[in-house]
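*Asks:* The following block contains a protein sequence and its predicted model.
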Amino acid sequence: MRKKIGLLLAVTSLVGTLFIGSANNGNVASADPIRPQAVTATDTDLISIWIVDDSGARVYSPVSVTTTAQINATTSGSNWVATRRELISSTHKNAFLAYPNATWGAGTLELRGSNVSLPKKGSYIGQPGLEYSGKYNDTSQTYSSTSAPARGSTVFYGGFGSFQIDNTAWVDFTW
């Protein structure tokens, strides 16, 4: 039985390869191939933050945040056409037990030295113990094909009852 299934899969793959390989038949121009590119950059950082109790004492209780930048693009001549730019932030749900007044989320995305408008709010499902926040832009934007530094940020403000030195975590990448 296993040999028959293996033989069937091999024949199906061969026929599929032959069929797909001959699909062009010279009828389609092959001028500018469109090659998709998906870039994902992720970095996890600690936000240095303290809980301040009623007596004014500070207890160091940092918050771990992860920032993910995603870019989907295709080539067009010598340029990239970005079809989606997205910034996703995540942190542990327990951070909000320590900092119930916290505000946080995806910050800014910088490509080619400019901030990218991210007007749409995303909805995300992931690991059960994490909270997600994100935003994106799915309108097409043309960029030079020359790679350049890029970065995305997550912000976390502890709010009332906290003291913090920093509030922003970054993911740095080249695109």
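*Replies:* Structure received.

*Asks:* tell me the contacts of the closest residue to Gly158 other than its chain neighbours?
*Replies:* Spatial nearest neighbour of Gly158, excluding adjacent residues (C-beta to C-beta, 6 or more residues apart in numbering): Tyr99 at 4.4 Å. (Each C-beta comes from the backbone N, C-alpha and C, glycine too.) In this structure, Tyr99 makes contact with 49, 51, 63, 158-159, 161-162, judged by C-beta atoms under 8 Å, 6 or more residues apart in numbering.

*Asks:* Per-residue confidence, Ile34, what does it come out as?
*Replies:* At Ile34, the predicted lDDT confidence score is 49.

*Asks:* same thing with the one 10 residues further on?
*Replies:* Looking at Thr44, its pLDDT reads 97.

*Asks:* from now on call the first residue 10
*Replies:* Yes, from this point I'll number from 10; that puts the last item at Thr53.

*Asks:* what about it, which helix or strand?
*Replies:* strand 45-56 (DSSP states H and E).

*Asks:* Whichever helix or strand comes after that strand: partners in the sheet, and parallel or antiparallel?
*Replies:* Counting by DSSP H and E, the next helix or strand C-terminal to strand 45-56 is strand 58-61. Using DSSP bridges, strand 58-61 pairs in its sheet with strand 67-69 (antiparallel), strand 171-173 (antiparallel).

*Asks:* Out of those strands, which is the most enclosed?
*Replies:* The densest packing among those, expressed as mean neighbour count by mean count of other C-beta atoms under 10 Å, is seen in strand 171-173 with a mean of 17.
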